[in-house]
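*Asks:* got a sequence here, can you model it:
(one chain, ligands or ions: 1)
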Amino acid sequence: GRASKEAFQRARNVFIDGTTRVTIERDPIPRYMERGEGAYFVDLDGRRFLDLNGNFTTLIHGHRFAPVIDAVTRQLQSGTCFASPTLAEIRLAELICGRVPGVETIRFVNTGSEAVMFAIKAARAFTGRSAIAKIEGAYHGAYDWVEVSQGSTPSNWGQAAAPAAVPYYHGMPASVLSEVVLLRFNDVELVERQIATHAAHLAAIVFDPMPSRAGLIAPTAEFISAIQRTAKQHGVLVIADEVLSFRQGYEGASARYGLTPDLFTFGKIIGGGLPIGAIAGSREIMSVFDASAGKPALPQGGTFSANPLSMVAGFVSMTALDRAAFDHLERLGDRLREQLMAAIARHHAPLSVSGAASLFRIHPKAILPRDFREATPTAVQAHVMKELGRTFAENGIVLPSGAAACLSTPMTTADTDHVASVFDDFLARRS
Ligand code: PMP
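*Replies:* Numbers count the residues shown, from 1 in each chain. Just a heads-up that it's a prediction; the model follows:
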């Protein structure tokens, strides 16, 4: 489109690579968004797209959700004094503490990355140890320690996840590597051994109950209980990073998969589409933040933390997410995944589909639940994935590459049928 091309030219003068965000699209020209409506957005050139990115999965009600517009407008009109506490933050905190098992107390920050950073600091403060463990390939945001081996995308599937040394462009000191233990997903025996070996200096295991970039594959029940049991035995905390996976159920992802973590990190949907993050957990562990009565506490602040715009947007958005809304998303996701898998079987395609509830991902080849990295795509499969992305875009569907795609509550059956039929046509043409 012409308008997008012109915008991109201007952008290249002021942004080093023409964008101020990580470009998740492989398009030579980004799609500049003009407006959103429900499950769709329209770009500068008037093209309409079914939005399966949803602002990086934050828009669980789709674009322009009326209660959010009303609440934020009213809050703006009455002023935004966020250096003092407001009732808005108490309401959202009460909602989350009342809903998520294991969450007694919470602190709000601005992003998921910040939440993970403070959760790791809290675990260090509580245990007096410094190292952390994480699942190879899992993404937890922009804090040094969790940036080691983050993101396993079609371009690096099958490669060694851990870099031999941290190169300059990762921007972190090499010493960070010695503080990170990379765990193999769904490998019970290895994980038990790894935790035991490193226990003396291990503060926490950062664990996403359904890691998106590491395949969007559910952990086995045995793996969950091995993590839980071994961590407890060695005094290592378990941090559930639910920044993305919270959207899998009314009570969140840990409740869905039977994990009882010591700390939680939240973000994305709990802000109703506005910037947010949160650290939460039991009173006992969260007491590291307790500065009352002059106690020495872990410093935690932030200019925009708990700003009332994000608080009211999150509150009305989460209030509307009742059990029925999650049931709707569960059915939409099941239906779409079944349709995609049926098309794969029909055309004997070398692809597979993973995910649960409102999250899904299309992979090359069958996924091996034990070790996702074994699913190395051949050059042909990698090419198929690229072509698929282009076909979706040409048919008005935005599917983020390398990450989870999501469904939102305003999505009708017809919207998901469109995705399935574009996929089926694509496979039919190729077979
Ligand atoms: N943890 C997980 C599991 C995430 O998916 C993300 C963001 N995609 C983050 C942390 C970081 O959140 P943010 O982008 O808000 O910093």
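*Asks:* how far off centre is the host helix or strand of E34?
*Replies:* Per DSSP states H and E: E34 is located in strand 33-37. Chain-centre distance of strand 33-37: 22 Å, with C-alpha atoms, centre = their mean, to the nearest Å.
*Asks:* try stretch 47-57
*Replies:* 15 Å.
*Asks:* helix or strand right after the strand holding E34?
*Replies:* strand 40-43.
*Asks:* ok now that next one, how far from the chain's centre?
*Replies:* Relative to its parent chain, strand 40-43 has a centroid offset of 22 Å by C-alpha atoms, centre = their mean.
*Asks:* following that strand, which helix or strand comes up?
*Replies:* Trace forward from strand 40-43 with DSSP H and E and the next one is strand 48-51.
*Asks:* pLDDT score for the residue in the stretch 1-150 of the chain that the ligand sits nearest to?
*Replies:* At 2.3 Å from the ligand, G112 is the closest residue in the stretch 1-150 of the chain, using C-beta to the nearest ligand atom. The C-beta positions use only the backbone N, C-alpha and C, and glycine is treated the same way. pLDDT, G112: 98.
*Asks:* phi, psi for it please.
*Replies:* phi -60, psi -40 (degrees, to the nearest 10).
*Asks:* dump the residue contacts of it.
*Replies:* With contacts defined as C-beta atoms under 8 Å, 6 or more residues apart in numbering, G112 is in contact with H140, G141, D241, V243, L244, T265, F266, G267, K268, G277.
*Asks:* how does it look with 7 Å?
*Replies:* By C-beta atoms under 7 Å, 6 or more residues apart in numbering, the residues touching G112 are G141, V243, T265, G267, K268, G277.
*Asks:* what parts of the stretch 1-150 of the chain come near the ligand?
*Replies:* Within reach of the ligand by C-beta under 6 Å from any ligand atom, the stretch 1-150 of the chain has these residues: F56, T111, G112, S113, V116, Y139, H140, G141, A142.
*Asks:* among these, which lie within helices?
*Replies:* Members of these lying in helices (criterion: DSSP state H): F56, G112, S113, V116.
*Asks:* what residues does the residue of the stretch 251-400 of the chain found nearest the ligand make contact with?
*Replies:* Closest residue of the stretch 251-400 of the chain to the ligand, C-beta to the nearest ligand atom: G267 (4.5 Å). Contacts for G267 (C-beta under 7 Å, 6+ apart) come out as T111, G112, A115, V243, I276, G277.
*Asks:* tell me what it is bridged to.
*Replies:* Note on G267: beta-bridge partners G277, judged by DSSP bridges.
*Asks:* hmm, back to that, could you identify the most distant pair in the ones in helices among the residues of the stretch 1-150 of the chain next to the ligand?
*Replies:* Maximum pairwise distance among these (C-beta to C-beta): 15.2 Å, between F56 and V116.
*Asks:* who's more crowded, those two?
*Replies:* V116 (28 against 18; other C-beta atoms under 10 Å).
*Asks:* where does pLDDT dip in the stretch 1-150 of the chain?
*Replies:* 22-28 (pLDDT under 70).
*Asks:* where along it do the helices fall?
*Replies:* 2-14, 54-57, 66-77, 87-99, 112-127, 144-147 (DSSP state H, counting those that start in this stretch).
*Asks:* for those helices, which one ends up most surrounded?
*Replies:* Ranked by mean neighbour count, the helices of the stretch 1-150 of the chain are led by helix 112-127 with a mean of 24 (mean count of other C-beta atoms under 10 Å).
*Asks:* surely S352 and H363 touch.
*Replies:* Yes. Between S352 and H363 there is a contact under C-beta atoms under 7 Å: 4.9 Å.
*Asks:* those two: which has the busier surroundings?
*Replies:* Set S352 next to H363 and count neighbours by other C-beta under 10 Å: H363 wins out with 22 against 18.
*Asks:* close to the ligand, is the strand or helix carrying that one?
*Replies:* Here H363 sits within strand 359-364, counting by DSSP H and E. No. Taking C-beta under 6 Å from any ligand atom as the criterion, strand 359-364 and the ligand are apart, separated by no less than 10.5 Å.
*Asks:* from the chain's centroid, how far away is that strand?
*Replies:* The answer for strand 359-364 is 14 Å, by C-alpha atoms, centre = their mean.
*Asks:* note down every partner strand of that strand and its orientation.
*Replies:* With DSSP bridges as the test, strand 359-364 pairs up with strand 351-356 (antiparallel), strand 405-406 (antiparallel).
*Asks:* check those strands for me and report the most buried one.
*Replies:* strand 405-406 (a mean of 27).
*Asks:* what ranges do the strands span in the stretch 251-400 of the chain?
*Replies:* 263-267, 277-281, 351-356, 359-364, 397-398 (DSSP state E, counting those that start in this stretch).
*Asks:* redo the ones you listed as JSON lines? Include mean pLDDT and distance to F207.
*Replies:* Output for the strands of the stretch 251-400 of the chain, formatted as JSON lines (pLDDT from 0 to 100; distance: least, C-beta to C-beta, whole Å):
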{"stretch": "strand 263-267", "mean pLDDT": "98", "distance to F207": "10"}
{"stretch": "strand 277-281", "mean pLDDT": "98", "distance to F207": "14"}
{"stretch": "strand 351-356", "mean pLDDT": "89", "distance to F207": "16"}
{"stretch": "strand 359-364", "mean pLDDT": "88", "distance to F207": "17"}
{"stretch": "strand 397-398", "mean pLDDT": "92", "distance to F207": "29"}
